[in-house]
Structure formats: C-alpha cells, structure tokens
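K.L.:
sequence unavailable; structure follows:
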C-alpha cells in the first residue's frame, strides 16, 4: 500500500477546493483511505493518519472512528505517538463515552514516567477530560506530583487538581497539605496555577475559605512585589509585570476579604497602591484597575477607598473604548445603591453617555440615570431624560417612559410639575407607556383639586394638536368629560385661559368617535365624556342625538354604552345627575391600610394617611331609593320575599336589598307581620347585644357561621386592622358540600350610611364541590362612631346549570361611609361572570361608566375600558359608581380579565 499523504499536503489540497461539495469529496476520499489503513493495522503511519483525522474534526467532519486508534497511540512508547494520541483523546473523547475508561491505566503509568514531558501530557489529558471515576483513581498520583520540586510538573498538577476538585469535591482535603508551599514558589507559572487552585477551593468550601484567610498577608506581599518590581522581560506585558497573575490574586483577595473585617483591613493598603500606581494608558492596566474596583466594592473596605474606586469608574466613562465605558456603567449601576453620593459626582458624565451611538451603552446609561434621580436633582435629571425620550430609538421609549413615571411619582416637587411631566411623556411617547399609566394619571389629576382647570385646558390644547397618542387622548377625554364646565368657563389661573364654547368641545369629542386613529377603548372614553357633559353643558339635545347614533354601532362595547346611556335619558333621567356627578378624591390601596410615601432626598419613609372625605353632596332623597333596585327587586326569584309596605316613590321597590336596614344608622324598623318565615334570618344574633366596636380592647371575636343552606356554608372570621382600631377585617370562607361545583359565585353586602364598607377581590368565583376547597374574600369595615352594624348579604351562584340567589341579614358591626351620607353596596366577581348592564324589573339596562374609582373592590385606581393585559387591566370594563344622597353602589363585573 502506498504511503499516505502528509498532513501538510492534505491541508494544501483542501484549501484548493473551490466549493463546499468539492471539499466534501476530498475529505470523504481521504477518510476512506484512513479507514483502510486502520483496518490493516498499519503502525507506521497511524500517527500521521490520526493527525489528519484531527484536522478534519476541526473542520467539522465526523472523526469518531479514530477513537480507538488514539488509545493505541497513547500506549505506544514513542513520545511523538503519545503526543498525537493524547491530543486526539482530548478532542474526540469525553466522559460520556465508556471508551475513555480504557485510558486510565495508561495515564497512571505515564504519570509515573521518567520523562517530565510524558507526565505533562498525562496531566493535561486528565485535567481536560477526566471523569469522576478517573479522578478518584488518579488523585493520589496528582497529589504526589503537586509536591514535586519540578516547576513544570507542579503548575500542570495544580491545574489538574482544580479539575479533580470540580469532579469530586470530597477529595479537596487530599490536596490541602500540598498547598502550603505553593505560594512560596518563585516561578510565576506555579504561582498563577496555585492561586487558581486556592480560589477553586475557597469557592467550594466555607471551611477552606476560613483556613486560607491566614494567607492574605502572603498574597498581599506577592502583589506588592509585582507592583514594585522593575522591568522583567519574561513577565512584562505593555509595561506591567505579569498582569494575569495580578488579576488572579485580586480575585482571590476579593473572595477572602468578603464579610471579614480583619482580612479586608489587611488588604486595604495594597488595593490603594494598585489603584493609584497602575498605568491606565493601556488596556492591560484598565483590566487590573477593573478587578481592583470589584475587589474594593466586594470587601469591607474604607469609605475613602470606595470613593477612589468609583472615581476610577468615572475615568473609565471618559475612555474612547466602548467596552470600557460599558463595563464602567454596569459597575456603577451595581454600586449606586450603596455609594449613592459618590456616584452622583459623575452624574454629568453619565448623562452624556445617553448621547452615545452604541445602544448597549445608552441602555446602561439610562438605567443608571434613573437610579441617580432623587428629590434634589429631579428637575435637572428629568429635563435630560425627557430630551432623551424625544430623540431615542423606539426600543428605549417604553422603558424610559416607565422610568419617568416612577421617578416623577416618587420625587415630584409639586403636583403641577408632576402633571406637566406626565403630559410631556404622553405627548412624545404616548404609544409606548404602560397599561396603567392612564388610570394613574387620572387619579393624580382627580386628587389635584386646585389643578383641575389648568389640567383640562392643557389637555384640550394637546388634543387639538395631536390625537395619535391614544393614552393622551383617553386621559384628555376623561378630563373634559369630568371638568368640561371649568374648560368652558375659563377659570384657569395658572395660565392664560382660552375661550372655548360648548359646541367646540363637543366637536372635538365627536371627532374622536369617528377618527380612524381612535381605538375602541378611546371611543369608549369619548362617548362617556360626551354623556357626562349632558349634566355640565346645556346642549343636551345634541348629546342625546350623538348617543342614540351609536346605539347601533358595530362595536359591541360602544353599542352597549350607547344603549345604557339612552336608557338613562329615557327611563332614568331623574337619576342622571347623581350618576354623572364628579368623581370623589381617590386613594391608592395598601396591604395594611392606606400609606403615603414621603420622599426626603431620595429616602423613602412610609407614614399612615388619614382617610380623606369628599365634600358633602346633597341630592334628592328619593334617588337613593331608586338605586337600590340593582341588588333587589323582582330579579331575585329564588327567595320569595314579602317586604313591608313602603311609601310610593319613583323607585320605592328598590329598597328590597337593604329592606329594613336603617339608612340613618339607628335601630332598624321592625318588619311587618306579613313577612313570611322564608324572610332571611339574622346572621349574628348572638352578637347583636355586643357591638363589635363598643370596646376596642375587647377580646377577639370567635369565628361563626353566617350562612348554611343548600350545601353552601359561609363562615366569618374577625380581626382588627392595625394601626386603626376602628377598622375590622372580616374574612369570609365559602365552602360547598354538594357534589357539583358552584360557579359564578358572587358575594354582595349592604350596610347603613354611617359605616364604610370595602370588599376586596375574592380568591375565586368557583366553590369546589365536596368541601375540597374554599373561596375567601376580605371585607374591611370602618366604624368611627362605634355603632352596631346591620348588614344584608346577597349570594349568587350557579349550581348544575341553574342560577341560584339568596338573601340573609345580620347584626355584627357598624361603619361610616366616607362622605357621611351614603350606603355602600359592593359587588366583586371574577372572570367568566356575565357582562352587560344590570337589568331592573322594568327591563332597563343600567349604565356602567368606564372612568370610576374602584375603591370598594380593593383596586383603588381609576378604571377605564382599556386593554385587558398588564397592570390595571382588572379595572377595565364594567365598573361603575352610582352615587346619590343615601346610596353608593360599586359594581365590578369583569375583574381579572
């Protein structure tokens, strides 16, 4: 058989191939020749064939058929064969293949070979691909070589020991005695590998970490010698002595000094010397300075040293190398929380990085800029960030707008500045803001009573300029509907008022309804705004005409609104002023009661906030009665109930839910004798003689069963809320003992006007069968007058496809409504409950406004018919507040869509 071509000739031939197919053909031809040579057991050219096979493997072609040939080369006595055999083993074998176990005996023999280069080959191979079984078998030989005086073998043995420890951590203690003298070696290669070995052992074992902390002075001495030593051609890199060893020592010092005062104190001086004496003109020096900064920040270093480290990062920001600037920004972002004032000194340089062309640097600079915002620099930083928002790429606008919202909410110096900033964001990046930005801004505007005229005027001007930013249009529509009378009257004092007529305002809102730029959500806001203006403007006939047009809209949501609003005009016109009056001041909810975030120079301090009461609004008394039909009346067919005779009024039958509950908070009138035995019984008769709040210091009230009928059991547990003892928290637990799940479960409650009631969202709307789970819901009751409460509850659910409704009544605590003249009725339902208007017994579908405060349902944010995704989506559709002189009702029909 002719001699195979040499590796050099094969490489030259392959490089002459003009196409991939031609190269493949050459490789396949050569592989066939190599296979034939292997079958003939040609020992003469085995080394050459394996070398060519490794080259093909590097090109990406399969070479697994040469694995056994590598083992044969390893067993050879010739060094050239062993070298190619071990190289092939490292490339073609790994611990997932059983073939590698056949090498164990050969490696063991070569570790004890008389030639150091053969020993070095065996150490390299074991350290590269040795399995846990091989490491256990050969760890003793590696440990012996680690103690040898030969520097060439010691450095390779140290790296091999690192691999052994990674594979078999329990063998770590075997190498502990051998590490004692490693740091006293003069050879830099041995020192480097020794530091790597010590670092691996410290990271894997807390005991080893404590043991090696005594080596800190020795490591400091080595590092100092490297800094102070003169020029050494053998180790010099760009004028710095062995930067690789310096970096490794700094990383080990960082591990040893973490959370240890003595070790940190011992290395403070040397870290300061490295930070001040290292040359920064070359990338090598910057690498050492970066590791020094990381070490300073990670150990318990002195404050002056930390400032020095941050100043080094500040100098990095001025470097022309983009990688160095990115590293500096990332490091400053990690340290800004612990050394805020030191990082603030470089604020101008960080802001300049926002103008960088590199997108990764701009993103890091943006994140760091928001982290630097506090109460002192809010105006200047927001100016820069808003300028960045105007000019940045679309991929940054969402994060930047979100950051501006959060920063303005925390540190706004005034409400006007806050409103102006949010409006600036909406006008420039309105399409990129978060889903909850609209309700949050509406809440901010509502709570800024003195800014209503200014805000609605600014928003009206913005609406005239641009209607493409949908969140801005939604907020503007809501404000115009709420405060349109202030816009027309020209009462703005903060800036020159504009002269606007009612027809001009309606023209703008009608334009939004027909604009192609408007989304269905925006059209819903606009139609509701027009409806609200029917109680603020005199152009009622025009508004009626607009509303009636959309009663046949192809958009079901818009059609439903129009139909409900038409019903208000026709059958419930006497209720319209109460339904469409201005929203009260809104409060954000908190887990343990309302809190206010007080910002002082960037520091947050929570404090308890007293509830704010909206101004007293007096309405005709009979309108309150009309509202109560929504939870009672003839649409409760399951429980036959005969109520006492009531005086005739426009909606006297609407009192069926509250029935004989006293709206004045006093004793309820006795039921008429005609009430049958099916009338709901009192839930808490045992507590009627002991009101819950008559004695704040009284013992905790035991749990009780409030309702138990048809397999549905409602248990109440009681506790008082801290820090306000006048607030009681009632948790209902609904269980189902029937064989079928109760779906569409709704719990409703009504109380007299001297109390305040808040129902949080239930845990589910399905009560599992056979008592396999419970539905929980929290009720918060405020009783400032410490009166006895009478509550009527209404339960609605579906069992085996049939709807079931039931009523019950009880006396257990007393609450006061937030404006001292309303009775709160709250309804919470979960996903899957029917949508659409609540229909009274006369067939009218009652309105759901999209722009109300959901404080009864635990959401406490302005609701809109917005997207059903993202924060605030659960406060989107089907939410309304009906407010009159005696009654307030809150419906949440689609919480959690």
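P.N.:
Cool, the structure landed. A quick note: this is a predicted structure, and the numbers were derived from the prediction, not measured. Numbers count the residues shown, from 1 in each chain.

K.L.:
which residues of the chain score low on pLDDT?
P.N.:
Under the criterion pLDDT under 70, the flagged ranges of the chain are 1, 230-231, 492-495, 497, 588-700, 721-723, 810-897.

K.L.:
how does the protein divide into domains?
P.N.:
435-580, 702-812 (the TED database).

K.L.:
just confirm residue 251 is within a helix.
P.N.:
Yes - assignment of residue 251 by DSSP: H, G, I helix; E, B strand; the rest coil places it within a helix.

K.L.:
that one contacts residue 199, doesn't it?
P.N.:
Yes - contact between residue 251 and residue 199 holds when scored by CB atoms under 8 Å: they sit 6.3 Å apart. No exception for glycine: its C-beta is placed from N, CA and C like everyone else's.

K.L.:
would you turn the domains of the chain into a markdown table with mean neighbour count?
P.N.:
Below are the domains of the chain laid out as a markdown table (neighbours: other CB atoms under 10 Å):
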| stretch | mean neighbour count |
| --- | --- |
| domain 435-580 | 19 |
| domain 702-812 | 19 |
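
K.L.:
would you turn these into JSON lines with distance to residue 99?
P.N.:
JSON lines is the format used below for the domains of the chain (distance: least, CB to CB, whole Å):
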{"stretch": "domain 435-580", "distance to residue 99": "58"}
{"stretch": "domain 702-812", "distance to residue 99": "56"}
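
K.L.:
C-terminal to the one helix or strand residue 216 maps to, what's the next element?
P.N.:
Following DSSP states H and E, one finds residue 216 within helix 216-228. Per DSSP H and E, the first helix or strand lying C-terminal to helix 216-228 is strand 236-237.

K.L.:
pull up the pairing partners for that following strand, direction included.
P.N.:
According to DSSP bridges, strand 236-237 has the following sheet partners: strand 240-241 (antiparallel).

K.L.:
residues in contact with the partner strand: which ones?
P.N.:
Outside strand 240-241, the residues that touch it by CB atoms under 8 Å, 6 or more residues apart in numbering are 226-227, 229, 231-232, 235, 246, 278-279, 282, 284-285, 288.

K.L.:
report the distance from it to the chain centre.
P.N.:
On the basis of CA atoms, centre = their mean, to the nearest Å, strand 240-241 is displaced by 46 Å from the centre of the chain it belongs to.

K.L.:
can you check stretch 188-208 too?
P.N.:
Using CA atoms, centre = their mean, we find the averaged C-alpha position of stretch 188-208 to lie 38 Å away from the chain's own average C-alpha position.

K.L.:
list the contacts of residue 48.
P.N.:
With contact set as CB under 8 Å, 6+ apart, residue 48 has these partners: 4, 6, 7.

K.L.:
my guess is the last one meets residue 58, correct?
P.N.:
The reference is to residue 7. No - checked against CB under 8 Å, the pair residue 7 and residue 58 is beyond contact range at 11.6 Å.

K.L.:
okay, these two: which has more neighbours?
P.N.:
Remark: of residue 7 and residue 58, residue 7 carries more neighbours, 16 against 10, as counted by other CB atoms under 10 Å.

K.L.:
residue contacts, residue 365?
P.N.:
By CB under 8 Å, 6+ apart, residue 365 lies in contact with 329, 350, 351, 353, 354, 356.

K.L.:
tell me the one among these nearest to residue 507.
P.N.:
Top of the list for closeness to residue 507, among the contacts of residue 365 and by CB to CB, is residue 354 at 41.1 Å.

K.L.:
the closest one and residue 314, how far apart?
P.N.:
From residue 354 over to residue 314 the distance is 16 Å, taken as CB to CB, to the nearest Å.

K.L.:
so for the two, which residue has more residues nearby?
P.N.:
Each of residue 354 and residue 314 had its neighbours counted (other CB under 10 Å), and the higher figure belongs to residue 354 (21 against 17).

K.L.:
does that one touch residue 388 like I think?
P.N.:
Yes - between residue 354 and residue 388 there is a contact under CB under 8 Å: 4.8 Å.

K.L.:
what is in contact with those two at once?
P.N.:
Once CB under 8 Å, 6+ apart is applied, the residues that residue 354 and residue 388 both contact turn out to be residue 366.

K.L.:
tell me where the stretch 151-300 of the chain has helices.
P.N.:
Assigned by DSSP state H, counting those that start in this stretch, the helices in the stretch 151-300 of the chain fall at 151-167, 188-204, 206-212, 216-228, 243-257, 261-277, 283-298.

K.L.:
which elements pack onto the last one?
P.N.:
Taking 3 or more CB pairs under 8 Å, 6 or more residues apart in numbering; DSSP states H and E as the contact definition, the neighbouring helices and strands of helix 283-298 are strand 240-241, helix 243-257, helix 261-277, helix 303-316, helix 322-335.

K.L.:
contacts for it?
P.N.:
237-240, 243, 246-247, 250-251, 253-254, 257-258, 267, 271, 274-275, 278-280, 305-306, 308-310, 312-313, 316, 319, 321, 324, 327, 331, 334-335, 338.

K.L.:
select only the buried ones of the residues you listed in ChimeraX?
P.N.:
Here the buried members of the contacts of helix 283-298 are turned into a ChimeraX selection, burial being counted by 16 or more other CB atoms under 10 Å:
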select :240,243,246,247,250,251,253,254,257,267,271,274,275,278,305,306,308,309,310,312,313,316,324,327,331,335
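
K.L.:
before we move on, back to that, do you know which of the helices and strands packed on helix 283-298 lies nearest residue 167?
P.N.:
Across the helices and strands packed on helix 283-298 (criterion: CB to CB), the nearest stretch is helix 243-257, sitting at 21.1 Å.

K.L.:
can you lay out the helices of the stretch 151-300 of the chain as JSON lines showing distance to residue 431?
P.N.:
Below are those laid out as JSON lines (distance: least, CB to CB, whole Å):
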{"stretch": "helix 151-167", "distance to residue 431": "51"}
{"stretch": "helix 188-204", "distance to residue 431": "48"}
{"stretch": "helix 206-212", "distance to residue 431": "52"}
{"stretch": "helix 216-228", "distance to residue 431": "55"}
{"stretch": "helix 243-257", "distance to residue 431": "46"}
{"stretch": "helix 261-277", "distance to residue 431": "47"}
{"stretch": "helix 283-298", "distance to residue 431": "40"}
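
K.L.:
can you mark which positions in stretch 365-377 are buried?
P.N.:
Buried residues in stretch 365-377 (16+ other CB under 10 Å): 365, 366, 367, 368, 369, 370, 371, 372, 373, 374, 377.

K.L.:
was I right about the last one contacting residue 347?
P.N.:
Yes - when contacts are counted by CB under 8 Å, residue 377 is listed as touching residue 347 (7.1 Å).

K.L.:
tell me the helices and strands packed up against the host helix or strand of residue 407.
P.N.:
In this structure, residue 407 is located in helix 394-411 according to DSSP H and E. Helix 394-411 is packed against helix 359-372, helix 378-391, helix 415-429, helix 437-447, strand 595-600, with contacts defined by 3+ CB pairs under 8 Å, 6+ apart.

K.L.:
can you put the ones you listed in JSON lines and add distance to residue 714?
P.N.:
Output for those, formatted as JSON lines (distance: least, CB to CB, whole Å):
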{"stretch": "helix 359-372", "distance to residue 714": "48"}
{"stretch": "helix 378-391", "distance to residue 714": "50"}
{"stretch": "helix 415-429", "distance to residue 714": "44"}
{"stretch": "helix 437-447", "distance to residue 714": "32"}
{"stretch": "strand 595-600", "distance to residue 714": "31"}
